[in-house]
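Enquirer: let me see the structure of the following:
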Amino acid sequence: MAIKWTAAGAKTELKKAHTIGSAKERFYIDFRQLAYPAVGEDFGYTLVTSGANKPGSHNLTSGHGDFMLPLTSKLTVRAYVLPTFAYTAVNQPLWSWYYDATSYLEMLYSTTYDAYVLYWQDGGTLRRLVSPAYTSDEDLQVWTMIDCAIDLTTGDTTGSALYINRVAVDTGWSGNIDAKTKLFPKFSLRHFNTTEGGFTVNHVRIFPNKVATAAEVAADYSGVTNEEIYFSLDGFALGRSRCNVTRFVQGFGYGKSVKDPKSGAAGANTLTLRLLNESGELSDDQYAAFDPTSDQFNGLVTQKYLQTRCRVEAEVWYSNSYDPFFIGQVDDAMFSRRSMRGDMSMVEIRAEDIVARIGRKYKRKSVSYEDKDLSDATETNSLVHLIARLATQEDIYNFVANSSFENATIGNSWAVAGGTAPTFSRVAGGVFGSYQGDLVYDDATCNVTQIVTFTGTKKLNVGEKWTFSLWLKAAANANGDLTIYEQDSGGDNDSTAAAYDTITGGAGWELYQVTHTITDSDSDRLTVKVSLESDTTLSMDGAMLIQGGQALNWFVLNNNDGASATESADDADSDSYDTCGFDCDAVDIQHGWVIIDEGAPIWEELKQIGDAVAALYIGADESGTFKLRAKLQDESTARADPTSLETIAAAAGVMSEIEQDSVNKLVGHGVKIAKTTALKILWSAEASGVFDFMSDRLIDNNDYFPDPEDDGGATARYLAKYGAV
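Expert: Residues are numbered from 1 along each chain as shown. As a prediction, this is how the structure comes out:
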C-alpha cells in the first residue's frame, strides 16, 4: 500500500494489482514456534526409497508415541498411511485421544467391519463413522489418505465426516453423539491405550478448531489459513505448528548449496521470500491477538512473534502429490520491511536450513568419544550422528525438584501453607509416571511452594524470562493462581501471578503457566507457588520451571529431592529431543579417540568427518534431514556412482566437447592412534625442574595447601597427591 499526499495535506490510499503465490508452490511460516515432542515413544523409521514418490525422507514404520496435544471440540486430522496387516486382522489403531474406557476418540482399522472406523464416546454411547469394507489384502495394503473432519459439539449425527483418498465415505454418526465434556491431554500415534497398530505412516496433519469442508479436503487444504500441527515423521518424532502464507508470496528465490567439505563454508541451503504487506499483516511493530485466519500474525506486544527467527517451510505440489524443497529458519535480519514510493509495502525474509544453525553452534563443555565409527547405521555408535546432535538436538532443563511427585517424601521439595491444616500428599495417578500431588483445601486459601536458589554456577540475569507450568485437575470447580516470586535474602523483589480460573471439576488434566521477567540484579532465587481458593482437592503433575517465555508441550522429569522445600538450580535435570532426522551412508571405520574441546565449532568437527569419509555431500536435504553421502561407504550399502549424463526431454541446444581422460586419484591423510591400558606418566612435577622438593609432607586430593605463615614459614614445601596413585 502506498500513501499519496494531496496539496491540502489529506492522504489517500493507492491500490496496485498484484499476483498471489503460485498454486504449484506452498509456503508455511511457524510464527508461534510451538513444538510437540513425544513425551514417550519407541518409533522406528525407514528411508523413503527412490521412486516411491512419497513426501519427505522417512516413513514411520514401527513403535508408538504420545504427545501432549489436547483434543479440541472441533478438529481435522489427516494421515497418509500404508496398512501392513491383513484385511481380516484384529483391531489396528492409527491414532487416538484416550481418557478412559468410556471416553475416547479413536481412528482404527476395525476387525468388526473390515473397514476404517472413527469411534467417539464421552461417558455415554459409543458412536462411529465407517468406511466401505475391504475384501482382500490387495485392496487394503496400498498407500491411503485418511481424513477425519470432526465436530464434537453438535449432539446429533451431523457435523463430522470420514474421507478415504479425499472422497467422503461417511458423513453421519451411527447415533446422536456425546457432547465433549472432558479434557483429553494426550494424542497417541499408532496406538490406542495399550494396543499398537501396524501402519506405516508418512505424515500427519492436524488442524485444531477447524472442521474442513469436502472441497478443502479435496484441495489438500491449499486454501486453509488456520494454524496446523504438522508431523513430518522424517526420522524424528516432533510436530510443529505452521501457517500457510502462500497468498502473500510475490516471489521467491531458492539456493541449493553443494559445498566441498574442505571449503570451510557451512553450505546452508537458502530460501528468500518477498511477501506482500499491503495492510501491515507482516509488520513486526503492529500488534493484535494472534489469528492467522484474519491475517494477524505478530500477536500481542508481549509476544512479538515476527521479531523471532521463525521456521519456514516450502513445498512443491503436482496434482495431489507434494515434496518439501526447503525447511529452515529466518535469519537474523528477520522480517525486513520495504516500502518504495508509489509501490506497495513488502516484507522480505531470508531463511537458512539447519546447517546454518549447526554453523553457529559451539560446544559449551568439552566432550569425548571412544571407539566410535565415523558413520554407522547404529546411531549411538556413529560420530557423525553424535556430533551433529550436539547442535541439532533441543536441550531443556527443568529446575523444580520432584517435578512429577514420584519421590516418597513430598515435603523435601514442596511446602504446604495457608488455612488451618491443609494437606499436600503423593497419591497414585497423574499424567506422567505413577503419582500426582494432591492439595486438599481446609478452611482458607492454601498453597504449595518450592524455592529454587541460583547461588551456585547458574545465576539469574535481568531481562531473562522464566516460565512455571504444570498440569492441574480438580474434584470440583476450582479457582486459584500460579505465581513466580523473584527474591534475594532480604525478601521479594518482584513477582508475576496468573489465575487458573475456573477449573471444571471432573474434566481432567489441563496445562497452566505463568511467565516472569527478572528485574533486579540482586535476585538469587525464585519461589514458585500454586494457590487454591476453592473448597476441593486440587491435583497437580508435570511441574516445570524453565528459562524461556513459553510453557512446553513436553515434560522433563527432575527427580532430585530438595531439602525443606528448597532446591539448587545447579541440580536441574535435562532432556533433549531431535529436531531433524538423519540419512547418512555407513562408513564403519572406527576412530579410537575423539575430543571436542570447550568452545569448539560443531561444523568444523563435522567437516573433518566429511574429509575422512571422502564426502560427496554433507549437509541438509530438501526435507531438512541431515544427509551424508560418502565415497568410502560400506560395500554392503554402496550405490553406483552417478552418471555424468543427464536425461534431456526436449533439447533447445546442446554443446559437447571431448576432454582427455585423467586418472582418478584419492589422497588420504590420517594419524594413527595407539591405545593402551598400561600405566604411563604423562607429566612429572619433579622432572619438570620447576619445583624444589624439600619436604615429604603430602596433601591429599581435594585438600588445600596450608598457609606457609602458619606451618613452616615461607620456605615450606609440600607435595600434592592426585588420587591413590
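Enquirer: tell me the pLDDT of A687.
Expert: pLDDT for A687: 73.
Enquirer: doesn't it fall inside a helix?
Expert: Yes. Per DSSP: H, G, I helix; E, B strand; the rest coil, A687 lies within a helix segment.
Enquirer: number of nearby residues for G44?
Expert: When neighbours are counted by other CB atoms under 10 Å, G44 registers 11. C-beta here means a position set from N, CA and C on the backbone, and glycine is covered the same way.
Enquirer: so which residues of the stretch 551-700 of the chain form helices?
Expert: 602-612, 685-688 (DSSP state H, counting those that start in this stretch).
Enquirer: of those helices, which is nearest G40?
Expert: When the helices of the stretch 551-700 of the chain are compared by CB to CB, helix 602-612 sits nearest G40, at 28.4 Å.
Enquirer: surely S413 touches A401?
Expert: Yes. Using CB atoms under 8 Å, S413 is in contact with A401, at 4.2 Å.
Enquirer: intersection of neighbour lists for these two?
Expert: When contacts are counted by CB atoms under 8 Å, 6 or more residues apart in numbering, S413 and A401 are jointly contacted by 450, 560-562, 567.
Enquirer: can you add distance to T293, pLDDT and neighbour count and give the residues you listed back as JSON lines?
Expert: JSON lines is the format used below for the shared contacts of S413 and A401 (distance: CB to CB, whole Å; pLDDT from 0 to 100; neighbours: other CB atoms under 10 Å):
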{"residue": "Q450", "distance to T293": "40", "pLDDT": "98", "neighbour count": "24"}
{"residue": "N560", "distance to T293": "44", "pLDDT": "96", "neighbour count": "18"}
{"residue": "D561", "distance to T293": "47", "pLDDT": "95", "neighbour count": "16"}
{"residue": "G562", "distance to T293": "45", "pLDDT": "94", "neighbour count": "24"}
{"residue": "E567", "distance to T293": "43", "pLDDT": "97", "neighbour count": "25"}
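Enquirer: look up the residues forming beta bridges with the closest residue to N193 other than its chain neighbours.
Expert: Nearest residue to N193 in three dimensions, chain neighbours excluded: Y98, at 5.3 Å (CB to CB, 6 or more residues apart in numbering). Counting by DSSP bridges, Y98 is bridged to Y104.
Enquirer: how many neighbours does Y98 have?
Expert: 20.
Enquirer: try G280
Expert: G280, neighbours per other CB under 10 Å, totals 17.
Enquirer: what's the answer for the one 10 residues further on, then?
Expert: Neighbours of F290 under the rule other CB under 10 Å: 17.
Enquirer: what of F325?
Expert: 17.
Enquirer: could you do N176 as well?
Expert: 14.
Enquirer: how about the contacts made by the closest residue in space to T517 that isn't next to it in sequence?
Expert: Spatial nearest neighbour of T517, excluding adjacent residues (CB to CB, 6+ apart): K465 at 5.3 Å. Shown in contact with K465 (CB under 8 Å, 6+ apart): 515-518, 547-549.
Enquirer: phi and psi next, for K465.
Expert: phi -100, psi 140 (degrees, to the nearest 10).
Enquirer: ok, now how distant is it from N493?
Expert: K465 sits 16 Å away from N493, going by CB to CB, to the nearest Å.
Enquirer: swap in N402?
Expert: From N402 over to N493 (counting by CB to CB), the distance is 26 Å.
Enquirer: these two: which has the busier surroundings?
Expert: N402 (27 against 17).
Enquirer: confirm for me that the more buried one is in contact with N412.
Expert: Yes. In this structure, N402 is within contact of N412 by CB under 8 Å, at 7.0 Å.
Enquirer: give the residues shared as contacts by those two.
Expert: Common neighbours of N402 and N412 (CB under 8 Å, 6+ apart) are 561-562.
Enquirer: which of the shared contacts of S413 and A401 sits closest to A678?
Expert: Among the shared contacts of S413 and A401, and counting by CB to CB, the member closest to A678 is N560, at 39.4 Å.
Enquirer: pLDDT of stretch 230-242, averaged?
Expert: 97.
Enquirer: okay, now the domains of the chain?
Expert: Domain ranges of the chain: 1-6+21-31+244-352, 358-395+579-637, 400-571, 676-725, per automatic domain parsing.
Enquirer: can you tell which of those domains is closest to G198?
Expert: Nearest of those (CB to CB): domain 358-395+579-637, 21.8 Å.
Enquirer: next one: that closest one to chain centre, how far?
Expert: 21 Å (CA atoms, centre = their mean, to the nearest Å).
Enquirer: ok, now how distant is F454 from S495?
Expert: 16 Å.
Enquirer: again, but for H191
Expert: Applying CB to CB, the value for H191 to S495 is 42 Å.
Enquirer: what's the most buried one of the helices of the stretch 551-700 of the chain?
Expert: Of all the helices of the stretch 551-700 of the chain, helix 602-612 has the most neighbours on average by mean count of other CB atoms under 10 Å, namely a mean of 21.
Enquirer: isn't T449 right up against S531?
Expert: No. Using CB under 8 Å as the test, T449 is too far from S531 to be in contact (9.3 Å).
Enquirer: these two: who's more crowded?
Expert: S531 (21 against 18).
Enquirer: helices and strands around the helix or strand harbouring the more buried one, which ones?
Expert: Per DSSP states H and E: S531 is located in strand 525-532. Judged by 3 or more CB pairs under 8 Å, 6 or more residues apart in numbering; DSSP states H and E, the packing partners of strand 525-532 are strand 446-453, strand 465-474, strand 481-488, strand 537-547.
Enquirer: so which of those gets nearest T676?
Expert: Of the helices and strands packed on strand 525-532, nearest to T676 by CB to CB is strand 537-547, at 43.8 Å.
Enquirer: counting by contacts, list what the closest one packs against.
Expert: strand 393-398, strand 435-440, strand 465-474, strand 525-532.
Enquirer: ok, 6 Å please
Expert: strand 435-440, strand 465-474 (3 or more CB pairs under 6 Å, 6 or more residues apart in numbering; DSSP states H and E).
Enquirer: buried set for the longest one?
Expert: Spelled out, it's strand 465-474. For strand 465-474, a neighbour-count test (16 or more other CB atoms under 10 Å) marks 466-474 as buried.
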